[in-house]
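> Compute the structure for the input listed below.
(2 chains)
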2 protein chains.
Amino acid sequence: MKDQTKEGQKNFVLRGNIIYSKTPQELSVTEHGFLVCSGGKVKGVYETLPKEYRTLPLTDYGDAMIIPGLTDLHLHAPQYSYRGTGMDLTLLDWLNTYTFPEEERYQDEAYARLQYARFAEDLKMSPTCRAAIFATIHPQASIILMDLLEKTGLVTFVGKVSMDRNGSKTYTEHSAPEAAASLLSFLSLVRSRNYQRTFPILTPRFTPACSDDLLMSIGQVQKQTGIPVQSHLSENPEEIAWVRELCPNASCYGDTYQRAGLFGGTCRTIMAHGVWCPDNEIEMILENGVYLAHCPQSNTNIASGIAPIRKYLDLGMHVGLGSDVAGGASLSLFRAITDAIGVSKLYWRLIDHDERPLTFAEGFYLATRGGGSFFGDVGAFEEGFAFDALVLSEKSGLYRQEPLINRLEQFVYLPEQQQILAKYVAARRIF
Amino acid sequence: MKDQTKEGQKNFVLRGNIIYSKTPQELSVTEHGFLVCSGGKVKGVYETLPKEYRTLPLTDYGDAMIIPGLTDLHLHAPQYSYRGTGMDLTLLDWLNTYTFPEEERYQDEAYARLQYARFAEDLKMSPTCRAAIFATIHPQASIILMDLLEKTGLVTFVGKVSMDRNGSKTYTEHSAPEAAASLLSFLSLVRSRNYQRTFPILTPRFTPACSDDLLMSIGQVQKQTGIPVQSHLSENPEEIAWVRELCPNASCYGDTYQRAGLFGGTCRTIMAHGVWCPDNEIEMILENGVYLAHCPQSNTNIASGIAPIRKYLDLGMHVGLGSDVAGGASLSLFRAITDAIGVSKLYWRLIDHDERPLTFAEGFYLATRGGGSFFGDVGAFEEGFAFDALVLSEKSGLYRQEPLINRLEQFVYLPEQQQILAKYVAARRIF
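Numbering: from 1, shown residues only, chains lettered A, B, ... in the order given. All right, here's what the predicted structure looks like:
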C-alpha cells in the first residue's frame, strides 16, 4: 500500500546526523549527511549532496540528529485526561471504574472539543508523526477529534468506537443495528469532510463489548468500503476466559474477529497487545498479515503481562509500538521504545532464556518502520518513502556520547534531555 | 538513630495540600493544611494552625502539594555521564565495557570536578533530598564530590569505592593493604572537612571485586569508627554463581559480608538489589536489620530480574528505592516509584499470583519513609522527624484529578508535568 498523503510539490534538503533502520538489526548512520525530499517523498540520504539537488532549499540542522517519524499504533484519545491515575486496577475493573464514565462525557460536544484540542496539541508536539486512535462511541465527538487532528498536520486513523454489550448502563450502544447505524453516520460525516491526513478506521472495542451481530455488520461495512480495522486481542487471561465464555464456538479470541472478516487478509488490521496469544492465534495473525500493536507500558501498568515480541519478530509478524494511553501513562514513543526493550529483558530473564532481549536497534525499528509500514512506505529514509522526520537535539550537550548510535540511545532514554527542533510529516513541516 | 543534621533555630510554617505515609498502606491527606517546623524538626500537620504557631513566618503554597523529601538509597555518581547508554549488556559485561573505563577517569581531579559539579547540581534539582552514593576508588575525587554535595544542602552518604580484584588492569586497587590504606586516607580527608550534611560510608564494591582480606580490613574500620556500609547483593544469577566460586565456604552471598562484620547488626548497612536472595539470605537480612535498596529500573535495564518486594515488605524488611544510576537511566525517584509498582505487577502476573502488586501508596512509602528511615526519623511529617519537604505543582493544571491522592498519583506518573516549586532538606530551603 502506498502512503495515502500527497505533497507533490515539495522539494528540499535537510542536513544533519541522519539515522534510520535498514533492517530490524541494522541502523544506517550518516554523519553530517543530506536528506533529500523530492516530489514530497524521500529521495535518499547522501554523504555529499548530488549536483541535481544543490539548487533545492536546504536547512542545515548542524549537529542535530534526524530520524524518521515515529508511529503510535494504539492509543485512546478520550483517556488522555486521566492518564497516570487508577493504576492500581487490572483491565476489566479499570474499564468500569475509569474508562467508561470518562468516555461517556464525550457525548457533550463542548467537553469533547476542549479535551480533544489539548490532546491534539500534545500529540502534535510529541515524537509521534502517525497514529491509530480510538475515540468514543459518539460520531459527532469523533469528527471533532478528526477536525482537530487534521489541523495538526499529523497523519492519523481515527475510529469511532463500536460496542453494544458489557459497557455501562449509560455508556453503550443498545443493539447491533443501533451501533451499525451510528457507524454509518460517522462514516458519512467523514465523507462530508475533505480530510487530507485523517482517515476513518473501523473500531469494534473488543469482543467482550461487541455482539456477534455487531461484528458481522462491521465486517460488511469493511467489505464494502475497504476501510481498515483496529481492536484489542488477548490482553489478559481474565479477558480471554471471558471471550471463551461469550464465543464458545470460536477457535481462539482472534477467530471472533476473523469470522466477521475483521482479522487481516484483505482487511488491513491492527490488534493491540497480543500478550497471551495461543499458537493457533499466532498462526492466524501471521497468515492474515495482521499488525500487532505492542504496548509494553500499558501491559505493565494494568498488570497484563509481557508480549513475546522477540518470538513475534523472528516469526516475521508485523509489529509496531503503541503508547496505549491511558493504560500507558506516557504519550511518548521514546518511552515506548525503552519499555519494549526493558520488558523483553525481563521476559528473557524470567520466562524464556531462549528469547533474547530486544536490542536498542530493534526497539527503534519497531517505533519507526515496524509501525510505520501500516501506513505504507513509512518509517525509513529510503527512496519513495513518505517524508516523515524528527530533528532532535539534547537540551544540554553536557553528556553527549560517541558514537552517534550511543548518542541516540541516550537521547531516547533521557526524557529530561529530549527536545524536538522540527517535525516533518508527509513532507510538511508541522513545527 | 536520630537524624544527624541539626538546624535548631528554624521555626516556620508551610501551607498547602499535605500528603505523607502513615504506614505503607495509608496516606495522610490534609487539604490546605499547615505544616509546622519547630526547632528544625517537624512539629506536625494541622487543619487549623494552633495559636502558638501563628506568629511564625508562614509560606502559603496555595494549591500546591507538599510531600516529604524522597530518599535514593543507591546510585553511582561517576556513572551519571553515560546513563542511558550501553543498555544492551548485562551486569558483568556492562561493568567491564562502560563502568570501569569511565570510573577510571576520575583519577583526574579536573575531570572529577567538572562531572561531579553537573551531577551535584542535577541531584539538587531532582526530587531526591537524601541519598547513599558510590563514588570511585579515588580518595581525592570522592572528597571533591562530597565538597560539592555539601554545598547543595542535600544530606548524603558518600563512599569511596574499595576493590582489589576483578577490576580492569588500570582500574583497581592492587592489594588489600593498598585498598585499606586508601580508605583510611579518604576517611582522614573527610575528618579534615567540617561537613554538616555529608557523611562517609564504607563501600566495598561487591564481593567479586573484594578479597576476603579487604572485606576483613573494612570490617575492622567499621568496628572502630561505626561508619555505615553500602554494597551490592544478589543482583543477578551469574554474579551469584561467581560469588559461590570465589567464596565456597560462605553460606550465601550475604554471608561474605557478614563474616567481615559488614552486614547489619551494629553495622548500619544498605545492600542494593536483592533480586535473587535465597531463603537463608533473606533470614540474615531480617535478623540483622539490613536495608535493601530496590532498584527496579536498573534491574530491568541490565536484565537482572524482579526483586520480590511484596514478600520483603510483608516480612518486615527495611526496603527503600534506588535509582541506581547508571544501571537506571533516570535520576528521578518519581520514576523509581512507578517502576517499583510496574515490576511488582509483572511479578504478580508472571511469577507468583500470591504476591499482590504494590499499590501507589506503598510505592510512595518506599520512596519516603522506607528509604528515609536509614537516615533516622526521616520521610514523614510526624513530630520529631527531620524537616524534608517537596512543594509540587503541575506545569499545566489542565488534567488535574480529584481527589488529592489521584492528583499526586498522576503527578508521579507524568514527568512532563513535574515541577518542584521548593525543596526543604533538614529544615533548610535549598531552592
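
> Show me which residues of the stretch 151-300 of chain A are close to chain B?
Residues of the stretch 151-300 of chain A found near chain B (CB under 8 Å from any CB of the partner chain) are A:236, A:297, A:300. C-beta here means a position set from N, CA and C on the backbone, and glycine is covered the same way.

> where do the strands sit along the stretch 251-400 of chain A?
Listed from the start of the chain, the stretch 251-400 of chain A has strands (DSSP state E, counting those that start in this stretch) covering A:269-273, A:291-294, A:318-321, A:389-392.

> Give me the contacts around stretch A:252-261.
A:204, A:207, A:212, A:215-216, A:218-220, A:222-223, A:229, A:231, A:233-234, A:240, A:243-244, A:247, A:250, A:263-264, A:267, A:269, A:271, A:277-278, A:280-281, A:284-285, A:288, A:290 (CB atoms under 8 Å, 6 or more residues apart in numbering or on different chains).

> Mind exporting the C-alpha coordinates of that stretch to CSV?
Only the C-alpha atoms of stretch A:252-261 are listed here, as CSV (Å, rounded to 0.1, in the frame of the first residue of the first chain):
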residue,chain,number,x,y,z
CYS,A,252,-9.5,-18.5,19.7
TYR,A,253,-10.1,-14.9,20.5
GLY,A,254,-8.8,-13.8,17.1
ASP,A,255,-11.2,-16.1,15.5
THR,A,256,-14.1,-14.0,16.8
TYR,A,257,-12.9,-11.2,14.6
GLN,A,258,-11.9,-13.4,11.7
ARG,A,259,-15.3,-14.9,11.4
ALA,A,260,-16.6,-11.4,10.8
GLY,A,261,-13.9,-10.6,8.2
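
> where in chain A is pLDDT low?
Low-confidence segments of chain A (pLDDT under 70): A:1-6, A:8.

> give me that answer again for 90
Counting by pLDDT under 90, chain A contains low-confidence ranges at A:1-9, A:86-92, A:94, A:396-402.

> which residue ends up closest to the midpoint of it in space?
residue A:73 (1.5 Å; CA atoms, centre = their mean).

> Phi and psi next, for that one.
Dihedral pair for residue A:73: phi -80, psi 0, per degrees, to the nearest 10.

> Hmm, residue A:290 and it touching each other?
No - counting by CB atoms under 8 Å, residue A:73 does not reach residue A:290; the two are 11.5 Å apart.

> which residues do those two both contact?
residue A:270.

> show me the contacts for the residue nearest to the centre of chain A.
Contact analysis of residue A:73 by CB under 8 Å, 6+ apart lists A:131-132, A:270, A:272, A:291, A:293, A:320-322, A:371, A:374.

> any idea how far residue A:33 is from residue A:46?
Between residue A:46 and residue A:33 the computed distance is 6 Å (CB to CB, to the nearest Å).

> which of those two has more neighbours?
residue A:33 (21 against 16; other CB atoms under 10 Å in any protein chain shown).

> So for the more buried one, what's the nearest residue that isn't a sequence neighbour?
residue A:18 (4.5 Å; CB to CB, 6 or more residues apart in numbering or on different chains).

> Look at the one you found and give its secondary structure.
When classified by DSSP: H, G, I helix; E, B strand; the rest coil, residue A:18 comes out as strand.

> what's the answer for the one 10 residues further on, then?
When classified by three-state DSSP, residue A:28 comes out as strand.

> Please export the C-alpha coordinates of the helix or strand where residue A:147 lies as PDB.
Residue A:147 belongs to helix A:139-152 when assigned by DSSP states H and E. C-alpha atoms of helix A:139-152 as PDB (Å, rounded to 0.1, in the frame of the first residue of the first chain):
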ATOM      1  CA  PRO A 139     -19.900  10.100  15.900                       C
ATOM      2  CA  GLN A 140     -20.000  13.800  16.400                       C
ATOM      3  CA  ALA A 141     -17.200  13.900  19.000                       C
ATOM      4  CA  SER A 142     -15.200  11.600  16.800                       C
ATOM      5  CA  ILE A 143     -15.500  14.100  14.000                       C
ATOM      6  CA  ILE A 144     -14.400  16.900  16.300                       C
ATOM      7  CA  LEU A 145     -11.300  14.900  17.100                       C
ATOM      8  CA  MET A 146     -10.600  14.300  13.400                       C
ATOM      9  CA  ASP A 147     -11.100  18.000  12.500                       C
ATOM     10  CA  LEU A 148      -8.500  18.900  15.200                       C
ATOM     11  CA  LEU A 149      -6.100  16.200  14.200                       C
ATOM     12  CA  GLU A 150      -6.300  17.300  10.500                       C
ATOM     13  CA  LYS A 151      -5.200  20.800  11.600                       C
ATOM     14  CA  THR A 152      -2.100  19.400  13.300                       C
END
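
> Mind listing what's buried along it?
By neighbour count on 16 or more other CB atoms under 10 Å in any protein chain shown, the buried set for helix A:139-152 is A:139, A:141-150, A:152.

> And for residue A:413, nearest residue in space, chain neighbours not counted?
residue B:84 is the one closest to residue A:413 (CB to CB, 6+ apart), at 3.0 Å.

> Touching, that neighbour and residue A:414? I think so.
Yes - look at residue B:84 against residue A:414 with CB under 8 Å: they come within range, at 4.9 Å.

> measure the nearest residue to residue A:105 once chain neighbours are set aside to residue A:334 for me?
Spatial nearest neighbour of residue A:105, chain neighbours left out: residue A:111 (5.2 Å); criterion: CB to CB, 6+ apart. According to CB to CB, residue A:111 and residue A:334 sit 30 Å apart.
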